[in-house]
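Visitor: output the structure for:
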Amino acid sequence: QLYGTIAFQGELNEQANFRSVGNAMLLLLRFSTGEGWMSVMYAMIEERENCCQDIWCCQKEDTILEKQKVCDPNMEHVESPWCLQEEDYPSCTEVNGCGAGASVYIYFYSFTMIVSNVIINMVVAVVLSAFEASDEGDLLDPADLEHFVRVWAEFDPDATWFINACDVQKFLSKLQPPLGMAGQVGEERGELYTKDPCLLEIAVNSRRQVNIVNVATLLAKRLAKKKQGDQFGELSADHPIHGRATRYTAGMSTTLGDVYVNSASV
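Guide: Numbers count the residues shown, from 1 in each chain. Alright, predicted model coming up:
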């Protein structure tokens with residue numbers, strides 16, 4: 001215990017001290033918030049009257065001469081422990097240690113700088129995580145959804161909520177990112193049409209048509225998987241959004257992937 005034997009004075013008292021592991025941990029926890037650490041530091045440096053540099057100096061103080069002899073580090077001493085806990089009484093010496101000296105500056109300033117840096121980094125990490133989570137929950141702007149509906153209306157002028165499965169590629173070619181693939185050309189776009197698992201999951205009914213809700217849901221799912229990567233998780237079957245999304249594909253056992261396979265085999 002580096003500072004456990006310093007006599008109480010000022011802000012160094014029964015509540016704020018280093019005389020036990022518990023008290024020391026609570027005090028350091030308080031200092032980590034920036035609360036009152038300088039006042040305790042100065043209290044530990046202040047001079048004490050009749051203090052003892054070593055424990056054997058406090059065990060006999062009859063005369064100055066006797067005290068000088070007892071405090072001689074070259075003499076053999078039978079030490080009794082400091083009275084740090086109730087269990088130490090009565091065969092112990094009351095704590096009356098002197099101030100800690102310049103080492104307190106090094107200890108307190110080092111602790112404050114290191115802990116403050118750790119706490120600041122933790123706060124920054126929490127804030128950045130919150131921003132990241134906010135961005136993940138805001139994948140699409142209202143303008144993206146409006147654009148989706150406008151382009152869909154070009155292929156579904158009667159607002160039936162369905163377009164032909166063979167028009168899905170044309171629809172995606174006209175739909176701007178992030179939902180669509182407008183601007184992508186050549187093999188890159190062709191591979192997305194035929195290999196993207198979300199697009200291949202689009203349900204097709206018996207009239208070879210796809211539903212607007214199912215298409216929008218799977219395009220949004222594709223965007224979320226791309227942005228979240230390994231952290232992406234499928235909705236459980238009992239999730240209310242999952243129920244609403246699958247309501248429009250009830251009875252559709254064929255997918256767009258099946259249509260592509262059948263077309264390639266013909």
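Visitor: okay, buried residues for the helix ranked longest in the chain please.
Guide: The residue-count maximum for a helix in the chain (DSSP state H) belongs to helix 103-136. By neighbour count on 16 or more other CB atoms under 10 Å, the buried set for helix 103-136 is Val104, Phe108, Thr112, Val115. Backbone N, C-alpha and C define where each C-beta goes, glycine included.
Visitor: does the third one really touch Phe31, like I thought?
Guide: Yes - if you go by CB atoms under 8 Å, Thr112 and Phe31 touch, sitting 6.8 Å apart.
Visitor: any common contacting residues for the two?
Guide: Listed as contacting both Thr112 and Phe31 by CB atoms under 8 Å, 6 or more residues apart in numbering are Trp37.
Visitor: secondary structure element holding Phe171?
Guide: Here Phe171 sits within helix 168-174, counting by DSSP states H and E.
Visitor: sorry, that was for Ala224
Guide: Assigned by DSSP H and E, Ala224 belongs to helix 212-228.
Visitor: how far off centre is that helix?
Guide: Put simply, helix 212-228 sits 27 Å off its chain's centre (CA atoms, centre = their mean, to the nearest Å).
Visitor: for the one residue sitting closest to the centre of the chain, give its distance to Ile119.
Guide: By CA atoms, centre = their mean, the chain has its centre lying nearest to Val126, at 4.8 Å. The spacing between Val126 and Ile119, counted by CB to CB, to the nearest Å, is 11 Å.
Visitor: what's the answer for Gly229, then?
Guide: For Gly229 relative to Ile119 (CB to CB), the value is 29 Å.
Visitor: pairing partners for Thr93 in the sheet, please.
Guide: Assessed by DSSP bridges, Thr93 has beta-bridge partners Trp82.
Visitor: where along the protein do the strands fall?
Guide: Assigned by DSSP state E, the chain shows strands spanning 162-164, 203-204, 209-211, 254-255.
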